[in-house]
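J.: What follows is a predicted structure for the sequence shown.
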Amino acid sequence: MSFKKVDLSFQSCNSEYQDADVVIFSCPMDATTSFRPGTRFAGNAIRVDSIGVEWYSPYLNLNLKNFNTADIGDLDLPVGDVEGALEIIESTVLKIVNDHKKPMMVGGEHLVTYPVIKALHPSYPDIHIIHLDAHTDLRDMFLGRKLSHATVSRRCHDLLGDDRIHQFGIRSGDEAEFAWADSGHTRLRRFDLEGLRETIDTINPAPIYITIDLDVLDPSIFPGTGTPEAGGITYKELLDAIMAFSNIKNLVGADIVELSPLLDPSGTSTAVAAKTLREMVLLLHSKK
């Protein structure tokens, strides 16, 4: 497997793959989306919109131009073949990790996080996940499928076990999902991000993966998503979380998922996602 520089990249992230420390890729997959589809278009929408995002982050005091970042574009995923798409994502991340680089994924539906964790787990068997989301994603089955955007955290738990998934901002899910989490399987914080810094302090220096389902944001801020859920956090609260992430000692990868750009004709949601991606790429670079 080899990666070539793409014609359209995020921001200044156009280093050759072999020179890069962080690798951006996007997964055009919304095969199990159960409400409003369209996340397959997120990656390239963010790339186009990134022309309006500064390279410098005043929050982290870091500049993308000072780092080597490769953007390998959309993965070539088979439409409608869930298992086949997940295998391609997993093999892509395995190569990135084996080449001693860090993966930065753009979804796609949230199920795409599962193959990334599968690929990271052999190298980081004690990995923890910090999961920001509106939804629990802890169903064992959803609409007859074990592999679904609504089961992704449960499938990750199958790999990692108890006390390794730390969920914040959760405000929607089946009653049984909340009960399952509360019985000790995951650490679930309802409604907000309180306790995030303390969680990071507790699990440091273990390897940590961050997955941000952008619907953790209130739909008044981020309407361009497949399953909007009222009562979410503000963008300032998300930025505060990103600043807390800077205290992570061993950040091994990250993703942002569930932007559906066509559902927000104003472009606001894509702009929010593009700025978030800048911060996450810089965080990964800062944690060598």
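T.: That came through, no problem.
J.: what ranges do the strands span in the stretch 51-200 of the chain?
T.: Remark: strands assigned in the stretch 51-200 of the chain by DSSP state E, counting those that start in this stretch are 56-57, 62-63, 69-74, 102-107, 128-132, 165-170, 187-190.
J.: Return the most buried member of these.
T.: Mean neighbour counts were compared across the strands of the stretch 51-200 of the chain using mean count of other Cβ atoms under 10 Å; the top stretch is strand 102-107, at a mean of 26. Yep, even glycine has a C-beta here, placed from its N, CA and C like the rest.
J.: so what strands line up beside it?
T.: Here strand 102-107 is paired, per DSSP bridges, with strand 22-27 (parallel), strand 251-257 (parallel).
J.: Also compute the angle for the first one relative to strand 69-74, please.
T.: So the one you mean is strand 22-27. Counting by axes from the mean of the first three to the mean of the last three Cα atoms, to 10 degrees, strand 22-27 points 10 degrees away from the direction of strand 69-74.
J.: who's in contact with strand 22-27?
T.: The list of residues contacting strand 22-27 from outside it, by Cβ atoms under 8 Å, 6 or more residues apart in numbering, reads 3, 9-10, 13, 17, 42-44, 46, 67-75, 77, 85, 89, 92, 96, 101-108, 112, 277, 281, 284-285.
J.: how does it look with 7 Å?
T.: Contact with strand 22-27 is made by 10, 13, 17, 42-43, 69-75, 77, 89, 92, 96, 101-108, 112, 281, 284-285, as judged by Cβ atoms under 7 Å, 6 or more residues apart in numbering.
J.: buried residues in the helix or strand just after that strand?
T.: For strand 22-27, the following helix or strand on the C-terminal side (DSSP states H and E) is helix 42-49. If you call a residue buried by 16 or more other Cβ atoms under 10 Å, then helix 42-49 has these buried ones: 42-47, 49.
J.: Then stretch 235-249?
T.: Neighbour-count burial for stretch 235-249 flags 237-242, 244-246, 248 (criterion: 16+ other Cβ under 10 Å).
J.: on that earlier part again, kindly reformat the strands paired with strand 102-107 as a markdown table containing mean neighbour count and distance to Arg164.
T.: Listed next are those as a markdown table, based on neighbours: other Cβ atoms under 10 Å; distance: least, Cβ to Cβ, whole Å:
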| stretch | mean neighbour count | distance to Arg164 |
| --- | --- | --- |
| strand 22-27 | 27 | 23 |
| strand 251-257 | 25 | 13 |
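J.: For these, please prepare TSV with the additional fields mean pLDDT and distance to Leu160.
T.: Shown next, in TSV, are the strands paired with strand 102-107 (pLDDT from 0 to 100; distance: least, Cβ to Cβ, whole Å):
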stretch	mean pLDDT	distance to Leu160
strand 22-27	98	21
strand 251-257	98	13
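J.: I'd like these laid out as TSV, including distance to Leu196.
T.: Converted to TSV, those look like this (distance: least, Cβ to Cβ, whole Å):
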stretch	distance to Leu196
strand 22-27	23
strand 251-257	14
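J.: Between these, which one is closest to Thr268.
T.: Thr268 sits nearest to strand 251-257 of all the strands paired with strand 102-107, at 15.4 Å, using Cβ to Cβ.
J.: Just the residues contacting that closest one, thanks.
T.: 102-110, 112-113, 116, 120, 124, 127, 207-214, 273, 276-277, 280, 283-284, 287.
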